[in-house]
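A.B. asks: Predicted model follows, preceded by the sequence.
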Amino acid sequence: MARWKALPEELDPQIAELTRQLRRLVDQRGLSVAALADRTGYSRTSWERYLNGRLLAPKGAVVALAEVTGTSPVHLTTMWEPAERAWRRAESRHDRTMEQIRITQARAELGDFGGGAGTTTVDAPPMTPPHAEPPAGKRRVLLFLAGAAAVLVVLGTVLLLTGRDGGEGIPDAAKSPSPSATSAAGLPPGVKCVGIGCTGKDAEAMGCGGDLVTTARTATVGAATLEVRYSRTCGAAWGRITGAAPGDRVRVTAGGESRRGVATAGETYTYTPMVAVGAAAEAKACVTLASGRTGCTK
């Protein structure tokens, strides 16, 4: 039986090409997914998603794979950049579609419940004659059905991109709580904090890592890759460096809060505790290498 699943047909060609290259490197070195997770610091579940085209591998994971397989990271990151742009375009289309669904649903609701005595729908002319009422009712039904159909289409797309089966419902990111909340009630299993309740805490220990995290920003400083890691579900962000040397320091700042992490002997990556954010763009990560070189995400 083939080791890898067939990539989704809808996958962007740039993402598919990068994924096939990552698979090839893993196969050439005879690495299992468990060994890959152990050597790169990224979880086994995350690598399964990366290598099956269900999630774009962050730049840090690509660089870590290059280090493990003895490959130049330059060539892989060159392929990663257009793949990352394609992934962002897909996410942007998804956001616009979800917004349109909400608008369609709102119109349908207004059509169903806003036509009582003393009210007039937006598209109906004043003093609509009695014989025109059945078509107006049909329009409201059609609007409602169109909204329902659009929801099913988008849910199918979301399930494809996230690799979730139908029993798990809408992905966690779509139902993430306000970052100002401090309770973990109603969050996915394993998530232990949200918003300001996550500030100063370890992302992995609080269940905010793994499949719930994305790389919001990245920068290369010397041999290290600097990232802002963001969990919409937890409403929090943190800084991380890969390709680190002992003594390299990383800092994340957002909303007046700042947290730091330091790489120790034997570590090739390290990350900071979390800070609460309302959006990924609020967080900035900076690194100070042991060599004295510094840099930040833009």
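C.D. replies: Cool, got the structure. Quantities reported herein were computed from a predicted structural model and do not represent experimental measurements. Numbering: from 1, shown residues only.
A.B. asks: Centroid-nearest residue for the chain?
C.D. replies: Geometric centre of the chain, nearest residue: residue 214, 4.2 Å, by C-alpha atoms, centre = their mean.
A.B. asks: Where does the prediction get shaky in this structure?
C.D. replies: Where the chain drops to pLDDT under 70, the residues are 1-2, 93-100, 102, 111-133, 135-185, 265-266.
A.B. asks: how is it carved up into domains?
C.D. replies: 1-170, 195-296 (automatic domain parsing).
A.B. asks: Could you export those domains as a markdown table, including distance to residue 188?
C.D. replies: (C-beta placed from N, C-alpha, C; glycine too.) As requested, those are arranged in a markdown table below (distance: least, C-beta to C-beta, whole Å):
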| stretch | distance to residue 188 |
| --- | --- |
| domain 1-170 | 9 |
| domain 195-296 | 7 |
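A.B. asks: So which of these is nearest residue 189?
C.D. replies: Ranking the domains of the chain by proximity to residue 189 (C-beta to C-beta) places domain 195-296 first, at 8.2 Å.
A.B. asks: returning to what we had before: in contact with the residue nearest to the centre of the chain: list those residues for me.
C.D. replies: Listed by C-beta atoms under 8 Å, 6 or more residues apart in numbering, the contact partners of residue 214 are 58, 229-232, 280.
A.B. asks: Kindly indicate which of these lies nearest residue 103.
C.D. replies: For the contacts of residue 214, the residue nearest residue 103 by C-beta to C-beta is residue 232; the value is 21.8 Å.
A.B. asks: Check which helix or strand the closest residue to residue 11 other than its chain neighbours maps to.
C.D. replies: Among residues not flanking residue 11 along the chain, residue 53 sits closest, at 5.0 Å (C-beta to C-beta, 6 or more residues apart in numbering). Residue 53 belongs to no helix or strand when assigned by DSSP states H and E.
A.B. asks: Please identify the deepest-packed of the domains of the chain.
C.D. replies: Burial of the domains of the chain is given as mean neighbour count (mean count of other C-beta atoms under 10 Å); domain 195-296 ranks first at a mean of 21.
A.B. asks: Pull the distance from that domain to the chain's centre.
C.D. replies: 16 Å (C-alpha atoms, centre = their mean, to the nearest Å).
A.B. asks: Span of it from start to end?
C.D. replies: Terminal residues of domain 195-296 lie 24 Å apart, using C-alpha to C-alpha, to the nearest Å.
A.B. asks: same thing with stretch 198-210?
C.D. replies: With C-alpha to C-alpha as the measure, the first residue of stretch 198-210 is 16 Å from its last.
A.B. asks: So what touches that stretch?
C.D. replies: Residues contacting stretch 198-210 (C-beta under 8 Å, 6+ apart): 43, 45-46, 188, 190-193, 213, 229, 231, 233-236, 238, 257, 259, 271, 273-276.
A.B. asks: quick one: the strands in this structure?
C.D. replies: 214-221, 224-231, 236-242, 249-254, 257-262, 269-271, 275-276, 284-288, 294-296 (DSSP state E).
A.B. asks: Turn those into CSV, including distance to residue 6.
C.D. replies: Formatted as CSV, the strands of the chain follow (distance: least, C-beta to C-beta, whole Å):
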stretch, distance to residue 6
strand 214-221, 25
strand 224-231, 30
strand 236-242, 30
strand 249-254, 38
strand 257-262, 39
strand 269-271, 32
strand 275-276, 40
strand 284-288, 36
strand 294-296, 40
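A.B. asks: residues in contact with residue 292?
C.D. replies: Per C-beta under 8 Å, 6+ apart, neighbours of residue 292: none.
A.B. asks: let's see it at 10 Å
C.D. replies: residue 222 (C-beta atoms under 10 Å, 6 or more residues apart in numbering).
A.B. asks: One more: residue 287?
C.D. replies: 219, 221-222, 224-227, 239-241, 244, 248-251, 261, 263, 293-297.
A.B. asks: cool, residue 17 as well?
C.D. replies: Residue 17 touches 7, 11, 79, 82-83, counting by C-beta under 10 Å, 6+ apart.
A.B. asks: Which ones among these lie within helices?
C.D. replies: With helices defined by DSSP state H, the entries of the contacts of residue 17 inside them are 79, 82-83.
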